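> Return a 3D structure for these sequence lines:
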Amino acid sequence: MTPKQPKPKKCKAKGCGVVFSPARPMQCVCSPACAQLLARAKTEQAETKKIRAQKKADRERLQELKPKTYWADRAQRQVNRYVRLRDRGRPCISCQTPWRPDFQAGHWFTTKAHPELRYDLDNINAQCITCNHHKSGNAAEYRINLVERIGPERVDALESFKPSQRLTREDYQRIEAQFKQLADQLEKEQG
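Here you go, the predicted structure:
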């Protein structure tokens, strides 16, 4: 009985591709020179993988070092984006100026005075730049129109005392992701 001849294989070394008959069962290259090329390629691949893993770990470490205000601002941007999309077409909550694309998301209770209401959607409505910046929110008119928009019960709930809450980085990231998804969905629906 004659020994079984191994099947011809294609050399795995980059750029070679020669079809050869292997002398050993696990042989995957046609020559010692190709074996060196393959070994170098695998080493480079491993080093590249290690560098990528290190860069990813560095990025994650940098994210952890960022202050809470960074995450709070990112979350606020998505909430504001959502509010501007939600209120598209509605007049300014304070002065009833017809809607314009440059409207902002104005807080009735400021984020500094009431951080617990920073992301409360009843507290945030589309507002013209004049009312939001130059008239410090135009709070008296804001409240009158807010009662009409959301009802007296919800306004009373906003006005009632709420204890401050300490949000973590994860909370801010969750809020950002939630409102990004909601805003993306609204944007898609509005065309």
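> And the helices in the protein?
32-65, 68-86, 129, 139-150, 152-159, 169-190 (DSSP state H).
> Which residue ranges make up each domain of the chain?
Under the assignment automatic domain parsing, the domains of the chain span 27-65, 68-190.
> Just put those domains in TSV and tack on mean neighbour count.
Where C-beta positions appear, they are placed from N, C-alpha and C, glycine not excepted. Formatted as TSV, those follow (neighbours: other Cβ atoms under 10 Å):
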stretch	mean neighbour count
domain 27-65	12
domain 68-190	16
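> before we move on, back to that, which one of the helices of the chain lies nearest to residue 15?
Among the helices of the chain, helix 32-65 comes nearest to residue 15, with 7.6 Å by Cβ to Cβ.
> relative to helix 169-190, how tilted is the closest one?
100 degrees (axes from the mean of the first three to the mean of the last three Cα atoms, to 10 degrees).
> Number the chain from 526, please
Got it, first residue is 526 now, which makes that one helix 557-590.
> If I take helix 557-590 and helix 593-611, what angle do their directions form?
80 degrees.
> just checking, what packs against helix 557-590?
Packing partners of helix 557-590 (3 or more Cβ pairs under 8 Å, 6 or more residues apart in numbering; DSSP states H and E): none among the helices and strands.
> mean confidence score for that helix?
Helix 557-590 carries an average pLDDT of 92.
> Pull the distance from it to the chain's centre.
Here helix 557-590 is found 27 Å from its chain centre; the criterion is Cα atoms, centre = their mean, to the nearest Å.
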